[in-house]
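**Q** Here is a sequence with its predicted model. Questions after.
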Amino acid sequence: LLVLGSATPSVETYYRAMNGKIGLSTMKSRPNSMPMPEMVLVDLREELRAGNRGVLSKRLEDELIVNKKNEEQSILFLNKRGYATFLLCRECGLALKCPRCSVTLTVHTHDKLLICHYCGYSEPIPGNCPGCSGNKIKAFGTGTQRVEEELQNHPEGFRTLRMDMDTTSGKHGHQKILNAFRSKEADILLGTQMVAKGHDFPDVTLVGILAADAYLFSSDYRASERTFQLITQASGRAGRGSKPGRVVVQAYNIDDYAIQSAMEQDYEAFYRKEITVRKLMYTPPFCHIGVIMVSGENPDHARESLETIRRNIIESCGNTTDFQCSEVLPMPVFVVKNRARWRIIIKMVSINKLIKLMNDTLDGFPKLRTGDTDISVDIDPGGL
């Protein structure tokens, strides 16, 4: 017997349960009979109109102060590490990019470095623009380091612990931070999605979700599902002990169904809307997705190799009704480690046929490729 347990099951798994492929059992209340936390939704557009350009909304700031005075703890969730998303010169418009990848470098003030989160390249933060030598160079966007700095400089004197990839890289890094928080060495635990899942701190009565809609408009078909899951999971960290909990959710797109369903803690309502979208868009669970990626230092060689693969696949599968194949597309991050990356996205109903197609493609690639190119395949990837 295999039991899958989750407050936010994947849409594909729940679809199987709804269609009788697997059994379904539900628990509608917490094991200790405590009520679910009070949910508060803050419209960041209104905050902006009121002149608040800080990371924290007025409501969340007030709640953090109340918690500190009551000697209760808080968790803040922001799924973006680093200090800021990118460094921009406001004179010439130059955004500093990784020399090996087609992404901007993330600002990390603690190490005084600009770091690429794809290949690990780093360089010191410049005092002047490398392009025009101007001094109007500024960090834009918000990461966990920036929030930490704002909290530490707050008049209330918040004691904070930050938990993300940068602070947990050492041996037992996660456990040291969690033990310190459990010992009440900090008022606030701030971090990326690793603070949102599974933790049980009886004195945490407040959770703040700082950019609840940040993932909504990515190209991934699971964007709404991920948004719902993260809000629901992070919210579940509040009020797990004997004291009731509150959750403050900050977003610009407050009317989105993923956010509205998460505010009601209503998985079934989210599922009903999401499954309709999935059917219209012909995405899982109504098909399986295969991604074939070809990379090479020469972008033209990589593209030519993949064009040849695509022609062969369409010749062998093009007459079947349960098959779709995209054009050759650049990857969302086109260059990584000086290698250009192209992909095709295949949709098939039969997982067995898709697996055979992927194996045949891998076997035939050495004879088809142009130049020094590599291939990788993925079935039902975690993200697109």
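**A** Structure's in. What do you need?
**Q** Could you use CA atoms for every contact and neighbour count after this?
**A** Fine.
**Q** just the helices in the stretch 201-350 of the chain please.
**A** For the stretch 201-350 of the chain, the helices defined by DSSP state H, counting those that start in this stretch cover 223-235, 257-263, 267-281, 299-317.
**Q** would CSV of these with mean pLDDT be doable?
**A** CSV is the format used below for the helices of the stretch 201-350 of the chain (pLDDT from 0 to 100):
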stretch, mean pLDDT
helix 223-235, 91
helix 257-263, 95
helix 267-281, 95
helix 299-317, 94
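**Q** Can you give the strand pairings for the lowest-mean-pLDDT helix or strand in the chain, parallel or anti for each?
**A** Confidence across the helices and strands of the chain bottoms out at strand 137-140, with a mean of 86, counting by mean pLDDT, DSSP states H and E. If you go by DSSP bridges, strand 137-140 pairs up with strand 86-89 (antiparallel).
**Q** need the next SSE after the strand it pairs with, C-terminal direction.
**A** Sequence order places strand 106-108 as the next helix or strand after strand 86-89, per DSSP states H and E.
**Q** what's in contact with that following strand?
**A** Strand 106-108 has contacts (Cα atoms under 8 Å, 6 or more residues apart in numbering) with 82-87, 113-117, 125, 139, 145.
**Q** downstream neighbour of that strand in the secondary structure list?
**A** strand 113-115.
**Q** and the helix or strand following that next one, which strands flank it?
**A** Downstream of strand 113-115, the first helix or strand assigned by DSSP H and E is strand 122-124. Here strand 122-124 is paired, per DSSP bridges, with strand 113-115 (antiparallel).
**Q** So for the strand it pairs with, mean pLDDT?
**A** For strand 113-115, the mean pLDDT works out to 91.
**Q** Stretch 201-221 too?
**A** Per-residue pLDDT over stretch 201-221 has a mean of 88.
**Q** for stretch 18-35, same thing?
**A** 84.
**Q** How about residues contacting that stretch?
**A** Residues from elsewhere that reach stretch 18-35 (Cα under 8 Å, 6+ apart): 16-17, 36, 239-242, 244.
**Q** which of the contacts of strand 106-108 are buried?
**A** Taking 16 or more other Cα atoms under 10 Å as the criterion, what is buried in these is 82-87, 113-117, 125, 145.
**Q** mind putting those residues in TSV, distance to S261 included?
**A** Converted to TSV, the buried ones among the contacts of strand 106-108 look like this (distance: Cα to Cα, whole Å):
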residue	distance to S261
G82	30
Y83	31
A84	30
T85	29
F86	32
L87	35
L113	39
L114	38
I115	36
C116	35
H117	32
I125	41
Q145	30
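**Q** Quickly name whichever of those residues is closest to M165.
**A** For those, the minimum distance to M165 (Cα to Cα) is 9.3 Å, reached by G82.
**Q** K112: what's it in contact with?
**A** Counting by Cα under 8 Å, 6+ apart, K112 touches 124-125.
**Q** 10 Å - rerun?
**A** Going by Cα atoms under 10 Å, 6 or more residues apart in numbering, K112 touches 83, 122-126.
**Q** low pLDDT regions in the stretch 1-150 of the chain?
**A** 31-32 (pLDDT under 70).
**Q** can you do 50?
**A** Scanning the stretch 1-150 of the chain for pLDDT under 50 picks out nothing.
**Q** Convert the helix or strand harbouring I355 to CSV, retaining C-alpha atoms only.
**A** Secondary structure from DSSP H and E places I355 in helix 351-368. The C-alpha coordinates for helix 351-368 follow below in CSV (Å, rounded to 0.1, in the frame of the first residue of the first chain):
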residue,chain,number,x,y,z
ILE,A,351,3.2,7.8,-21.7
ASN,A,352,4.6,4.5,-23.2
LYS,A,353,4.7,6.0,-26.7
LEU,A,354,6.4,9.1,-25.4
ILE,A,355,9.1,7.1,-23.5
LYS,A,356,9.8,5.1,-26.7
LEU,A,357,10.0,8.3,-28.7
MET,A,358,12.5,9.8,-26.3
ASN,A,359,14.7,6.6,-26.2
ASP,A,360,14.7,6.4,-30.0
THR,A,361,15.7,10.1,-30.2
LEU,A,362,18.6,9.6,-27.8
ASP,A,363,19.8,6.5,-29.6
GLY,A,364,19.7,8.3,-33.0
PHE,A,365,21.2,11.6,-32.0
PRO,A,366,24.9,10.8,-32.5
LYS,A,367,24.2,10.2,-36.3
LEU,A,368,22.0,13.3,-36.7
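**Q** All set now, cheers.
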